[in-house]
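Undergrad: Predicted model and sequence follow; I will ask about them next.
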Amino acid sequence: MKITPVTDANSHIYHNLVQYYEAEFSPITGKKPNASGLFELDTRLGDDTLGFLLIIDDLPAGIAAICSKEAQAYEVCEFYILPYFRKNTVGMRFAHTIWKNYPGKWEIKQIRGAEYATVFWRKTIEHFDETVYTEASYDDPYWGVVTRQQFTVN
């Protein structure tokens, strides 16, 4: 497992995988592809948002988009593991590695209808170095009512 920051040289890989992510969530979000068959992205990389690629056996296996909200405060905006690579703790290890590299306050939100994502994030946070987290419903200005976890990584 290798985690690589998204750069100009590999951004095409990120943009390919983020389309799968958008398509998977489209029944929940109601988003449709445009006339070119592409989904508009909710999160754009750059400025305060970093992108990461998960590489397994030299193949792209997942993506993450992390927003730096303020000094040592982060949000997981996008996180996706291709179905082939799921169910073997790869996603959990991917998230844990990112968190360890960015200590501080974290938050993750899941939209209604994505209960499987909430289950994944609860388990992933609970298995991270005795992290204590809070979870509550939150009225997000963009998504409406979401489930939100907040925790601190030292």
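TA: Ah, there it is.
Undergrad: Show me what the longest helix seen in the chain is packed up against.
TA: Counting by DSSP state H, the longest helix found in the chain is helix 11-29. On a contact count with 3 or more Cβ pairs under 8 Å, 6 or more residues apart in numbering; DSSP states H and E, helix 11-29 meets strand 49-56, strand 59-70, strand 73-81, strand 104-111. Every residue, glycine included, has its C-beta placed from N, CA and C.
Undergrad: Now do that helix against strand 104-111, angle only.
TA: Per axes from the mean of the first three to the mean of the last three Cα atoms, to 10 degrees, the angle that helix 11-29 makes with strand 104-111 is 50 degrees.
Undergrad: now helix 11-29: mean pLDDT?
TA: The pLDDT scores in helix 11-29 average 97.
Undergrad: tell me the secondary structure for the residue in the chain sticking out farthest from the centre?
TA: Computed with Cα atoms, centre = their mean, the residue of the chain farthest from its C-alpha average is residue 35, at 26.2 Å. Applying DSSP: H, G, I helix; E, B strand; the rest coil to residue 35 yields a three-state assignment of coil.
Undergrad: where's it relative to residue 21, distance?
TA: To residue 21, residue 35 is 20 Å away according to Cβ to Cβ, to the nearest Å.
Undergrad: same check, this time on residue 110
TA: Per Cβ to Cβ, residue 110 is found 13 Å from residue 21.
Undergrad: related to what we said a few turns ago, residues in contact with the longest helix of the chain?
TA: With contact meaning Cβ atoms under 8 Å, 6 or more residues apart in numbering, helix 11-29 is reached by 6, 31-33, 38-39, 41, 45, 51, 53, 60, 62-63, 65, 78, 80, 82, 111-114.
Undergrad: Quick one, which of the residues you listed are buried?
TA: Buried subset of these (neighbour count, 16 or more other Cβ atoms under 10 Å): 6, 39, 45, 51, 53, 60, 62-63, 65, 78, 80, 82, 111, 114.
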